[in-house]
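Asker: No letters, just coordinates:
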């Protein structure tokens, strides 16, 4: 291995280490003191509940672990958005589990909490995946009620989705393991079956204090809406559990009886690990985001047996397309090639080279055709993003880059096979869109710690913003020294660099998570298995294209 490989390896392993450390911190939720207080009530934490519920020695993935990170500082923060979401197996059935974290503001709903819950339901709806709710929430966080209560994608959308999933035949099971207040009380009761834990679980539209204030009735919360009341008097809940583990054991038994599902029929054979060493990804991926590398080296360390059948290998070389298997599943891969390649004519003059990570006319054309082929053959698509955008300049404009880019965006938009996106490095501008960014409905989208998501790189954005700011200052008659210009540039770049961080994106759920590169195969495999629950219901149609 060369020196550059070793430098890359050190850098990327440090990023992976930072990821692990940040996950340890975020998994503490509201902190150890609140966890201890939770345990003192005889309750498990949200993460402990999920760990107990999921089948032992099976794979699972967490959605939105960094949701809310760095947000709501004036309110004390909201680790993981106050809710834990995992895709895993219960009694051998793949499902998605949503658990309120009562150590974070008593499980109250912040705006990001609502967004994360809706994302979990979206995954369930898209994949017709059973969903289990472990409810322990004080309801809407009142200081921010205007940002979580009234709009289309706010709190009320949760219950609308409950009804829609019920009509689709998607299994929903709820366990009330703590507070379940006001509008939130509808979620478990709109599920197929509802459990409640004796003495710690409660459901009511208004608690005892509000009842006293509203109608003058004096009553305690347990009598008003505890387990005995709802299992023996109101009939609101279906099962009474003596404690958290008893409730979770009941859910396991319910899941064990669910029938098989209609499959989409995606091709899967025996799985094999890559022949190339996956650990070498850390040395291949450059430390600097503007350095070149061969994306094929990454692909060979992600796919089964390191076997990749490339499509149109000599054409449109800044995008790699081809077929492979990941954990046995057949996939079509669309990946940005980051090394400089020779353009058509195969000469060596600089004017005839193509920059890595840039989408050219021929690359977009090739990708469009390949995406159509995968839809024709019912093969899930995997996008590996390290893209700076589409090629600019007179040559590209006169060749119709906007038209060719639009074709690719059209194909991605109308694709009916499941799509999965991994942001490896850059994800800039329209390249993010064409390579199936969040706006284009990937079933799952994850980022490596090396990822950057923005309109453009920090340096480029800072140069543009600096020019605008300097022009404004000069218009006011201010003199700009070289030192002042450098200071302004660094300040702007620092602010912008914070926004292109993968953690900034993950906090806002622009991605479903930040993952160690070595977990990529697991994410894609579990994602395709989930997608296999939902047969394709409409034909692939590109609509109107300017050919």
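Answerer: Perfect, thanks for sending it. Everything numeric in this text was worked out from a predicted model, so none of it was measured. Residues are numbered from 1 along each chain as shown.

Asker: Am I right that residue 490 is in a helix?
Answerer: Yes - the assignment for residue 490 is a helix, going by DSSP: H, G, I helix; E, B strand; the rest coil.

Asker: pull the longest helix from the chain.
Answerer: Criterion DSSP state H: the longest helix present in the chain is helix 3-26.

Asker: and that one, what does it pack onto?
Answerer: Judged by 3 or more CB pairs under 8 Å, 6 or more residues apart in numbering; DSSP states H and E, helix 3-26 is in contact with helix 281-284. All C-beta atoms are positioned from the backbone trio N, CA, C, and that covers glycine.

Asker: Could you pull up the mean pLDDT of the helix or strand following the helix it packs on?
Answerer: Sequence order places helix 295-299 as the next helix or strand after helix 281-284, per DSSP states H and E. Mean pLDDT, helix 295-299: 98.

Asker: List the buried residues of helix 295-299.
Answerer: Buried residues in helix 295-299, counting neighbours by 16 or more other CB atoms under 10 Å, are found at 295, 296, 297, 298, 299.

Asker: Pull the distance from that helix to the chain's centre.
Answerer: For helix 295-299, the distance from its own C-alpha centre to the chain's C-alpha centre is 23 Å (CA atoms, centre = their mean, to the nearest Å).

Asker: now swap in stretch 104-121 and tell me
Answerer: Chain-centre distance of stretch 104-121: 14 Å, with CA atoms, centre = their mean.

Asker: Next: stretch 126-143.
Answerer: 17 Å.

Asker: How about stretch 416-428?
Answerer: 11 Å.

Asker: list the buried ones in that stretch?
Answerer: Those buried within stretch 416-428 under the rule 16+ other CB under 10 Å are 417, 418, 419, 420, 421, 422, 423, 424, 425, 426, 427, 428.

Asker: per-residue confidence for the fourth one?
Answerer: With respect to pLDDT, residue 420 scores 98.

Asker: Make a markdown table out of the buried residues of stretch 416-428 and add secondary structure and distance to residue 285.
Answerer: Listed next are these as a markdown table, based on DSSP: H, G, I helix; E, B strand; the rest coil; distance: CB to CB, whole Å:
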| residue | secondary structure | distance to residue 285 |
| --- | --- | --- |
| 417 | coil | 28 |
| 418 | coil | 26 |
| 419 | strand | 23 |
| 420 | strand | 19 |
| 421 | strand | 17 |
| 422 | strand | 12 |
| 423 | strand | 12 |
| 424 | strand | 7 |
| 425 | strand | 7 |
| 426 | strand | 12 |
| 427 | strand | 14 |
| 428 | strand | 17 |
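
Asker: any idea how far residue 76 is from residue 335?
Answerer: Remark: distance between residue 76 and residue 335 (CB to CB, to the nearest Å) = 42 Å.

Asker: Equivalent analysis for residue 462, please.
Answerer: Distance, residue 462 to residue 335, using CB to CB: 28 Å.

Asker: Which of the two has more residues huddled nearby?
Answerer: residue 335 (25 against 21; other CB atoms under 10 Å).

Asker: per-residue confidence for that one?
Answerer: Reported pLDDT for residue 335: 98.

Asker: helices or strands up against the strand or helix carrying residue 495?
Answerer: Using DSSP H and E, residue 495 falls within helix 482-500. Applying 3+ CB pairs under 8 Å, 6+ apart, one finds that helix 482-500 makes contact with strand 452-454, helix 458-475.

Asker: Same list, the ones you listed, but as TSV with mean pLDDT and distance to residue 392 please.
Answerer: Output for these, formatted as TSV (pLDDT from 0 to 100; distance: least, CB to CB, whole Å):
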stretch	mean pLDDT	distance to residue 392
strand 452-454	90	17
helix 458-475	79	12
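
Asker: looking at those, which is closest to residue 128?
Answerer: strand 452-454 (29.4 Å; CB to CB).

Asker: The closest one pairs with which strands, parallel or anti?
Answerer: Next to strand 452-454 in the sheet, as set by DSSP bridges, lie strand 419-428 (parallel).

Asker: where's the residue of the chain most remote from its centre relative to residue 486, distance?
Answerer: Distance from the centre of the chain peaks at residue 477, with 47.8 Å (CA atoms, centre = their mean). Per CB to CB, residue 477 is found 21 Å from residue 486.

Asker: go on, residue 160?
Answerer: 53 Å.

Asker: Tell me where the stretch 101-250 of the chain has strands.
Answerer: For the stretch 101-250 of the chain, applying DSSP state E, counting those that start in this stretch gives strands covering 131-137, 172-181, 193-197, 202-204, 239-241.

Asker: now those as CSV including mean pLDDT, distance to residue 517 and mean neighbour count?
Answerer: Below are those laid out as CSV (pLDDT from 0 to 100; distance: least, CB to CB, whole Å; neighbours: other CB atoms under 10 Å):
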stretch, mean pLDDT, distance to residue 517, mean neighbour count
strand 131-137, 96, 29, 27
strand 172-181, 94, 34, 27
strand 193-197, 96, 39, 25
strand 202-204, 91, 44, 24
strand 239-241, 97, 41, 21
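
Asker: Quick one: closest of those strands to residue 380.
Answerer: Of all the strands of the stretch 101-250 of the chain, strand 131-137 sits nearest to residue 380, with 21.6 Å by CB to CB.

Asker: give me the number of residues near the closest residue to residue 387 other than its chain neighbours?
Answerer: Excluding the flanking residues, the one nearest residue 387 by CB to CB, 6 or more residues apart in numbering is residue 431, at 3.4 Å. If you count neighbours by other CB under 10 Å, residue 431 ends up with 21.

Asker: Over to residue 431. Which of the three states is it?
Answerer: helix.

Asker: Just confirm it contacts residue 389, I think it does.
Answerer: Yes - using CB atoms under 8 Å, residue 431 is in contact with residue 389, at 4.3 Å.

Asker: Now residue 448: phi and psi?
Answerer: Main-chain dihedrals, residue 448, degrees, to the nearest 10: phi -80, psi 160.

Asker: So residue 200 versus residue 481, what's the distance?
Answerer: The value you get for residue 200 to residue 481, if CB to CB is used, is 65 Å.

Asker: out of these two, which sits in the busier spot?
Answerer: Of the pair residue 200 and residue 481, residue 200 is the one with more neighbours under other CB under 10 Å, namely 21 against 8.

Asker: could you list every residue that touches the more buried one?
Answerer: 41, 42, 43, 177, 178, 243, 244 (CB atoms under 8 Å, 6 or more residues apart in numbering).

Asker: Any quick PyMOL command for the buried ones out of the residues you listed?
Answerer: Typed into PyMOL, the line below selects the buried ones among the contacts of residue 200, using 16+ other CB under 10 Å:
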select buried, resi 43+177+178+243+244
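
Asker: Sort out for me which of the contacts of residue 200 are in helices.
Answerer: The helices, defined by DSSP H, take in residue 244 from the contacts of residue 200.

Asker: I'd like to know which of the contacts of residue 200 is nearest to residue 446.
Answerer: Nearest to residue 446 out of those is residue 177 (CB to CB; 29.0 Å).

Asker: Give me the distance between the closest one and residue 134.
Answerer: 6 Å.

Asker: what sits in contact with each of the two?
Answerer: residue 49.

Asker: How far off centre is the helix holding residue 495?
Answerer: For helix 482-500, the distance to the chain centre is 30 Å (CA atoms, centre = their mean).

Asker: any idea of the mean pLDDT in that helix?
Answerer: For helix 482-500, the mean confidence score works out to 83.

Asker: List of residues touching that helix?
Answerer: Under CB under 8 Å, 6+ apart, the answer for helix 482-500 is 452-454, 457-459, 461-463, 465-466, 469-470, 480, 504.

Asker: make it 7 Å
Answerer: 452, 453, 454, 458, 459, 461, 462, 465, 466, 469, 470, 504 (CB atoms under 7 Å, 6 or more residues apart in numbering).

Asker: quick one: which of the residues you listed is nearest residue 267?
Answerer: residue 453 (31.5 Å).
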